[in-house]
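Novice: Please find the sequence and the predicted model below.
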Amino acid sequence: MAKETAIEDAEAVARCLGGDRDAFDTLVRRYRALAVGVSFSTCRDRALAEDIAQEAFIRAYKCLNQLTRHESFCAWLMNIVKNAALRAAQNVARREQVYKLASVDRGPHTENPTAAMEFAELLGRIDESSQQVLTLKYLHGMTCAEIGSTLGVPTGTVTSKISRALSSLREVARRGNR
Amino acid sequence: MKSDCEKCQELIRRGAYIDPSAEGFDEMAEHVAACPECAKLLKKIRDLEGSVRAAFRWADPGEGFNARVMRAIAAPPRSSLFWRFAPLAAAAAIVLAVLAAIITGRPSGDTLRLARISGELTLAKGGEVARSIPIDADVVVPESQVALEVVHGVGLALRPHSVFRILPASTTGYTRLDLKRGGAAISVKTDAKADKLEVGLEGFSILTSDADFLVETRTNGALPGLYVDRGRVVVSFGGGVSVVERGEHVELVADQLLSRVRSGEARIKADLAALDAHCRDLQTQIARYEAMVQTYGVRRRERNDELVMAQEALTVAPDQETARELEKRISKEMAAVENLDFVMGEHIAKMSTLRGELPKRLNELRRKRAMAMQQREKCKAGLALLAGLR
């Protein structure tokens, strides 16, 4: 597996705090797609989602010493992403309102949905722990044993977590289609 | 059969399908091979897994994202003054550019003349002024792009012209002059003072504000060879050192340059080590997938042999009951083979993605190594010349 899988989140955070920037690179590589997905689920703009994710990682790096439970890096980061995305979405909404008042046609600001895009949006609506296991499994192609070693949990727990995460995703999709 | 289905569905619920090493995978696979209803359920889950993979692929911003984040967190701390004025300077630059366009610009072909810059560039070597070159350049913007182009009337430019862009304030909050090509380029003024000149080398960005200038290396691993401070500019590049004179202030800042070179070298070394490790990891992963595909290939052959034997036996089945039994067995073996095909297909797809990535990374590694060597040589030469100039 890739280099990043060899280091647990908590260990990577500890290394970052010790001045090892490469460890943060590992965390960015591990969670960048998830961060963009979560951000996209709020702002519905791929480019903006990427900017928000980038800003969130930078903010996370600067505030890393405030993270008390190092193993919760993913959940903590996703909270930063969500808050930043919410703020950005509010700004966009305000701007749209101004354009509307000024009768300026800005054209469609959301992208045409594709299946992948819709699923990326759904990813933002499930809990952080589910997002994390799905990222490790389906983005990084890690085996359950590798995920277990990364998260510090037994392999059996990982399989159940992934299965539950997929069920949540299916449930969210079903509710969305109603 | 009903209880077998319940057991299989329980295994699926517990995630036995997730990977072949998961507990109950074989048991589940065996049942699914013989039960169309459970196979249908598993197929739905496999489709969902496919969608999740596609969603992640779609959302993944790629390695460039890492580079941007790492560059942002590696940036040297800015003075509060800089941060206070940077957005203002960016806005002012744009306003001035537009004003200049209105005042002086007339469409000419597909470019618009924005302003004119003039000054003198002094080349110095071994402490002696070697050559002094007047610069007389037009600043034009191609109408089709948000880009400013400096066209030299007379100048140092090693190539006919250099193009750079003024990028909008990024998430890091400053305006960047991004040199795009040209061995040495004369950059545009970003304020109204006509005597301001900034010099850039390919691969460097100059951050500007009303207050001061900062130099930032770019991700291509270029090492700094340029230092700009209020009233002072020193540039070093392959063949020598150039000093840009503005007013009467010319000062050498070898210490700062040296420290920048050292930090740049450390960064390049770290980048190379990370890339090297990544390549080795890719090779390990590929080997692991190859081994897994081989194992599954053996299992598939076994199941296929069973299938062929059952099919042959069916042709000579002595009675109806034996034939029915054999048909059941054939259906079970066919499903098992299909299931193994699916798992192998997944592994082969992953393997080919990694195989596709490996040469790219190896090329990148080679390129970066060569670039690092070149940069080291350039910096050595530049530093030696700087030492001579002091």
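Specialist: Yep, it's here.
Novice: pLDDT of the one helix or strand B:V298 maps to, averaged?
Specialist: Following DSSP states H and E, one finds B:V298 within helix B:254-315. Averaged across helix B:254-315, the pLDDT comes to 80.
Novice: mean confidence score for stretch B:42-53?
Specialist: 83.
Novice: Doesn't A:Y31 belong to a helix?
Specialist: Yes. Under DSSP: H, G, I helix; E, B strand; the rest coil, A:Y31 falls within a helix.
Novice: Look up how far chain B lies from it.
Specialist: A:Y31 sits 11 Å away from chain B, going by Cβ to the nearest Cβ, to the nearest Å. For every residue, glycine as well, the C-beta is placed using N, CA and C.
Novice: Tell me, how many residues neighbour that residue?
Specialist: Applying other Cβ atoms under 10 Å in any protein chain shown, we find 28 residues neighbouring A:Y31.
Novice: right, and it touches A:C74 too?
Specialist: Yes. The criterion here is Cβ atoms under 8 Å, and A:Y31 meets it with A:C74 at 6.0 Å.
Novice: which neighbours do these two share?
Specialist: A:T135 (Cβ atoms under 8 Å, 6 or more residues apart in numbering or on different chains).
Novice: I'd like the distance between A:S129 and A:K82.
Specialist: 15 Å (Cβ to Cβ, to the nearest Å).
Novice: tell me the pLDDT at A:A56?
Specialist: pLDDT, the model's per-residue confidence, is 90 for A:A56.
Novice: sorry, back to before: average model confidence for the following helix or strand past the helix holding B:V298?
Specialist: Later in the chain than helix B:254-315, the nearest helix or strand by DSSP H and E is helix B:320-389. When pLDDT is averaged over helix B:320-389, the result is 79.
Novice: wait, does helix B:320-389 make contact with chain A?
Specialist: Yes. Counting by Cβ under 8 Å from any Cβ of the partner chain, contacts between helix B:320-389 and chain A involve B:K350.
Novice: More neighbours: which of A:S129 and A:K82?
Specialist: Taking neighbours as other Cβ under 10 Å, A:S129 and A:K82 compare with A:K82 leading, 19 against 15.
Novice: the domain parsing of chain B - what is it?
Specialist: Split into domains by automatic domain parsing, chain B comes to B:1-56, B:79-251, B:256-390.
Novice: How about the first one and chain A, any contact?
Specialist: So that's domain B:1-56. Yes. Domain B:1-56 reaches chain A (Cβ under 8 Å from any Cβ) through B:12-16, B:18-19, B:21-23, B:45, B:48-49, B:51-56.
Novice: Just the ones of these in helices?
Specialist: B:12-13, B:45, B:48-49, B:51-56 (DSSP state H).
Novice: Among those, which one has the most neighbours?
Specialist: Within these, most neighbours by other Cβ under 10 Å means B:A55, with 27 neighbours.
Novice: Kindly provide the distance from the closest residue to that residue other than its chain neighbours to B:W58.
Specialist: Excluding the flanking residues, the one nearest B:A55 by Cβ to Cβ, 6 or more residues apart in numbering or on different chains is A:F119, at 3.4 Å. A:F119 sits 8 Å away from B:W58, going by Cβ to Cβ.
Novice: can you check A:F40 too?
Specialist: Separation of A:F40 from B:W58 (Cβ to Cβ) stands at 9 Å.
Novice: what do these two both touch?
Specialist: The contact sets of A:F40 and B:W58 overlap at A:117, A:120 (Cβ under 8 Å, 6+ apart).
Novice: quick one on the thing from earlier: quick one: the helix holding B:V298 to helix B:320-389, angle?
Specialist: Comparing the axes of helix B:254-315 and helix B:320-389 via axes from the mean of the first three to the mean of the last three Cα atoms, to 10 degrees yields an angle of 170 degrees.
Novice: Check the closest residue to A:V133 other than its chain neighbours and give its pLDDT.
Specialist: Nearest non-adjacent residue to A:V133, counting by Cβ to Cβ, 6+ apart: A:K161, 4.7 Å away. With respect to pLDDT, A:K161 scores 88.
Novice: who touches A:K161 in this structure?
Specialist: Shown in contact with A:K161 (Cβ under 8 Å, 6+ apart): A:129-130, A:133, A:153, B:15.
Novice: Closest one to A:A165 out of those, please.
Specialist: The closest of those to A:A165 turns out to be A:S130 (Cβ to Cβ; 3.5 Å).
Novice: How far does the stretch of helix or strand that closest one belongs to sit from its chain's centre?
Specialist: With secondary structure defined by DSSP H and E, A:S130 is part of helix A:128-134. Relative to the centre of its chain, helix A:128-134 is centred 9 Å away, using Cα atoms, centre = their mean, to the nearest Å.
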